[in-house]
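Colleague: This is a predicted model, with the sequence first.
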Amino acid sequence: MSLHQQGGAHRHRKSSGGGGHKVAALIALALVLAAFGLGAFLLRPNTNTPASISPEAFVDQMEKASQGVVFERNLYGGPIRVQSKGGQVTVTADNIPPSICVSVGWKLVRKGLLSINGVTPLRVSAAKLSELCNQDDTYASLAWTPKSGD
């Protein structure tokens, strides 16, 4: 019996002819992955949106404004005004997102007198701040008068 008859050493592989299909499949896979990558890139969060600005940075801006630094706009894009009356400085910032308003409100009320949308709460609580910051269903307006010596 020869080696060939024993099914041994000289086997021949048949070419499946699928080499072209494999290349096309790889190209299609690469295009799908590239499309997903492009979609993820285009749909990524915009880190320059107002919501990404920290409440601490906004409080810092309010403090600087009360000390005489001039800003055309607050960090959330709305106007910021400073008024001085009888030696008291009041900084007013408009177009503050309600979610930011609450956390900023906590910080500012500890450093002075705070009015939200024209209302100065006598007792401050998270619930009261949330109520005042969300009363207009849009953006809030904050008016802050720093404590003397701050």
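Modeller: Thanks, I have the structure now.
Colleague: in this protein, which helix has the most residues?
Modeller: Assignment by DSSP state H gives helix 19-42 as the longest helix of the chain.
Colleague: What residues of the next helix or strand after it count as buried?
Modeller: Sequence-wise, the next helix or strand downstream of helix 19-42 (DSSP states H and E) is helix 55-66. Neighbour counts using 16 or more other CB atoms under 10 Å place 55, 58, 59, 61, 62, 63, 65, 66 of helix 55-66 among the buried residues. (Glycine included, C-beta is placed from N, CA and C.)
Colleague: Could you check how far the longest helix of the chain is from the centre of its chain?
Modeller: 31 Å (CA atoms, centre = their mean, to the nearest Å).
Colleague: and it, C-alpha only, in PDB?
Modeller: Provided in PDB are the C-alpha atoms of helix 19-42 (Å, rounded to 0.1, in the frame of the first residue of the first chain):
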ATOM      1  CA  GLY A  19     -10.200  35.000  -0.400                       C
ATOM      2  CA  GLY A  20     -12.100  37.800  -2.000                       C
ATOM      3  CA  HIS A  21     -15.100  37.400   0.400                       C
ATOM      4  CA  LYS A  22     -12.800  37.500   3.400                       C
ATOM      5  CA  VAL A  23     -11.300  40.800   2.200                       C
ATOM      6  CA  ALA A  24     -14.700  42.300   1.600                       C
ATOM      7  CA  ALA A  25     -15.900  41.100   5.000                       C
ATOM      8  CA  LEU A  26     -12.900  42.800   6.700                       C
ATOM      9  CA  ILE A  27     -13.500  46.000   4.800                       C
ATOM     10  CA  ALA A  28     -17.200  46.000   5.800                       C
ATOM     11  CA  LEU A  29     -16.200  45.300   9.400                       C
ATOM     12  CA  ALA A  30     -13.700  48.200   9.300                       C
ATOM     13  CA  LEU A  31     -16.400  50.500   7.800                       C
ATOM     14  CA  VAL A  32     -18.900  49.500  10.500                       C
ATOM     15  CA  LEU A  33     -16.300  50.100  13.300                       C
ATOM     16  CA  ALA A  34     -15.400  53.500  11.700                       C
ATOM     17  CA  ALA A  35     -19.100  54.500  11.600                       C
ATOM     18  CA  PHE A  36     -19.500  53.600  15.200                       C
ATOM     19  CA  GLY A  37     -16.400  55.500  16.100                       C
ATOM     20  CA  LEU A  38     -17.600  58.600  14.200                       C
ATOM     21  CA  GLY A  39     -21.000  58.300  15.800                       C
ATOM     22  CA  ALA A  40     -19.400  58.100  19.300                       C
ATOM     23  CA  PHE A  41     -17.200  61.100  18.500                       C
ATOM     24  CA  LEU A  42     -20.100  63.200  17.200                       C
END
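Colleague: Thanks a lot, catch you later.
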